[in-house]
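1. prediction below, plus the sequence it came from.
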Protein chains: 2
Amino acid sequence: MEDGTYKALGYCKGTDDDEARQWDVRADCDVRHILDRIADKWSLLVIALLDRRTMRFSELRRTVDGVSQRMLTVTLRQLERDGLVSRTVYPVVPPRVDYELTELGMSLHEVIKSLVIWTEEHQQAISAARSTYDQRIAEEERQQLQVMVR
Amino acid sequence: MEDGTYKALGYCKGTDDDEARQWDVRADCDVRHILDRIADKWSLLVIALLDRRTMRFSELRRTVDGVSQRMLTVTLRQLERDGLVSRTVYPVVPPRVDYELTELGMSLHEVIKSLVIWTEEHQQAISAARSTYDQRIAEEERQQLQVMVR
DNA sequence: CAGTATCCCTTTTGATACTG
DNA sequence: CAGTATCAAAAGGGATACTG
């Protein structure tokens, strides 16, 4: 549960010949760590689904479909910590907790939306590429066997 | 090494009350699986760094900084399989292999570029949010202790 | 309902050694 | 150089039980 301690510090090295490349270049620690969090399976989905309206925990649990209670809780906590999602607890008898995107979260949502849309638009192309690749590999392996038999 | 077998099939359920939500909604298997691949730490970085020019394996290894040889290889293979990156082997004596984005990869690069830029632009905001959150939690824990002592 | 805490298994990843 | 193979360590994640 404790965070703040990052395992791989191998990233953080001084900038050397940087500034030469286009833009990402100074992949310093902060950006990398934030990207790691955002480029997370569940984070991405939660932000993608939390579009403009609040959702209750159970609603998210059902919507994200496949996420365990534990993972959803962990993910939401991280997003809350990063200021991307706000959490509102209503002190009613069957507990009720609402989640919604913050301003920051909404700006990220736009970007992630593009990513999801890209994926939807190109899933055919990717599937096709995979088939082609798999076939090529299978073919190559077959030929390898031929060679070994001789 | 064998792929094609996905662990969690819990995702893939029929569409029920879908179509009601904004856009992600039909988070069917394909899109989810592709997103999982793209929203990967190393994939993201490789695509981000592979901007418009070819790079050799060793160059990528140095640039991505922190990636192990194994992970870079695995990542590049996946990207190649997905048709996002092309791999060119030169049959020279110290082996030389060039990687570059395909058309498909370049279109994805644009989207990922937005994501990286967003991250760069908002890293301050996120850091601030984290500090605020951590302080709030620490404060709450302190108060919890107070209660328990009585 | 919305969690938290634990246990435990699986997947991921890094280190190391070896090869064309 | 650009991998592949193997193994051990670590992180991720599920199942279950319990709580305010």
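-> Thanks, I have the structure now.
2. surely residue A:35 meets residue B:44?
-> Yes - using CB atoms under 8 Å as the test, residue A:35 is close enough to residue B:44 to be in contact (6.3 Å). The way it works is simple: take the backbone N, C-alpha and C, and place the C-beta from them, glycine included.
3. shared neighbours, these two?
-> Here residue A:35 and residue B:44 share the contacting residues residue B:115, scored by CB atoms under 8 Å, 6 or more residues apart in numbering or on different chains.
4. which of the two has more neighbours?
-> Neighbour tally, residue A:35 and residue B:44, criterion other CB atoms under 10 Å in any protein chain shown: the higher count belongs to residue A:35, 24 against 20.
5. check which helix or strand covers that one.
-> Secondary structure from DSSP states H and E places residue A:35 in helix A:29-38.
6. what residues does that helix touch?
-> Contact partners of helix A:29-38, identified using CB under 8 Å, 6+ apart, comprise A:6, A:9, A:11-12, A:43-44, A:78, A:82, A:108, A:112, B:41, B:44-45, B:66, B:115-116, B:119-120, B:123, B:126-127.
7. list only buried entries from the residues you listed.
-> If you count burial by 16 or more other CB atoms under 10 Å in any protein chain shown, the buried members of the contacts of helix A:29-38 come out as A:11, A:43-44, A:78, A:82, A:108, A:112, B:41, B:44-45, B:66, B:115-116, B:119-120, B:123, B:126.
8. ok, and of these, which contact DNA strand C?
-> With the criterion set as CB under 7 Å from any atom of the strand, the members of the buried ones among the contacts of helix A:29-38 near DNA strand C are B:41, B:66.
9. quick one: which of the buried ones among the contacts of helix A:29-38 sit in strands?
-> When DSSP state E is applied, these are split such that none fall in strands.
10. the longest helix seen in chain A and chain B, are they touching?
-> Longest helix in chain A by number of residues, with DSSP state H as the criterion: helix A:103-149. Yes - figure legend: helix A:103-149 in contact with chain B (CB under 8 Å from any CB of the partner chain); contacting residues A:104, A:107-108, A:111-120, A:122-123, A:125-130, A:132-134.
11. quick check: angle from that helix to helix B:29-38?
-> Put simply, helix A:103-149 runs at 90 degrees to helix B:29-38, going by axes from the mean of the first three to the mean of the last three CA atoms, to 10 degrees.
12. chain center to helix A:103-149, what's the gap?
-> The chain centroid and the centroid of helix A:103-149 are separated by 17 Å under CA atoms, centre = their mean, to the nearest Å.
13. re earlier: so is the helix holding residue A:35 next to DNA strand C?
-> No - contact of helix A:29-38 with DNA strand C is not found when judged by CB under 7 Å from any atom of the strand; the minimum separation is 9.4 Å.
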